[in-house]
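Trainee: Model the following, please.
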Amino acid sequence: MRQHLATQYDEEESEINITPMLDVVFIMLIFFIVTATFVKEAGIEVNRPDAATAVKQEKANILVAIGPNNDIWIDRRQIDIRSVRPNIERLHAENPQGSVVIQADKESKTDTLIQVMDAARSAGVFNVSIAANEP
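Mentor: Predicted structure coming up:
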């Protein structure tokens, strides 16, 4: 009887408790999800003009696209010019370090581009860039 109890006790001691390891893994997963920055896509393909001085933006997380018919796209949704500012404010609140990049089509009007730039600046984002292709 004593020998049977001793072997049962030894088997219980030899099991490894992996609960603390799982806790650490889940905490690390949550940390990486919270600290990750995501790029918001504009939603349409834009035929950008060429520029000899084009420079790659690293922290561009708010993309605004202006189509050839002056339609404005943010976060894969077509929006009205009056709702550009609230959308940029919302996206800027999610990631305050990011900048706004406006992808204007060659055929779009300069007036629409200026209105989007003004809306971005009035939303509190002063790091506004215009996308172009390198020649």
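
Trainee: Go ahead and confirm Glu120 touches Asn87.
Mentor: Rather than Glu, residue 120 is Ala. No. Using C-beta atoms under 8 Å, Ala120 is not in contact with Asn87; the gap is 10.0 Å. (Glycine included, C-beta is placed from N, CA and C.)

Trainee: More neighbours: which of these two?
Mentor: Using other C-beta atoms under 10 Å as the criterion, Ala120 and Asn87 rank with Ala120 on top: 25 against 20.

Trainee: Surely the more buried one is in a helix?
Mentor: Yes. Secondary structure of Ala120 (DSSP: H, G, I helix; E, B strand; the rest coil): part of a helix.

Trainee: which residues does it contact?
Mentor: Neighbour list for Ala120: 64, 84-85, 88, 100, 102, 128 [criterion: C-beta atoms under 8 Å, 6 or more residues apart in numbering].

Trainee: any chance of the residues you listed in JSON lines, plus secondary structure?
Mentor: JSON lines is the format used below for those (three-state DSSP):
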{"residue": "Val64", "secondary structure": "strand"}
{"residue": "Val84", "secondary structure": "helix"}
{"residue": "Arg85", "secondary structure": "helix"}
{"residue": "Ile88", "secondary structure": "helix"}
{"residue": "Val100", "secondary structure": "strand"}
{"residue": "Ile102", "secondary structure": "strand"}
{"residue": "Val128", "secondary structure": "strand"}
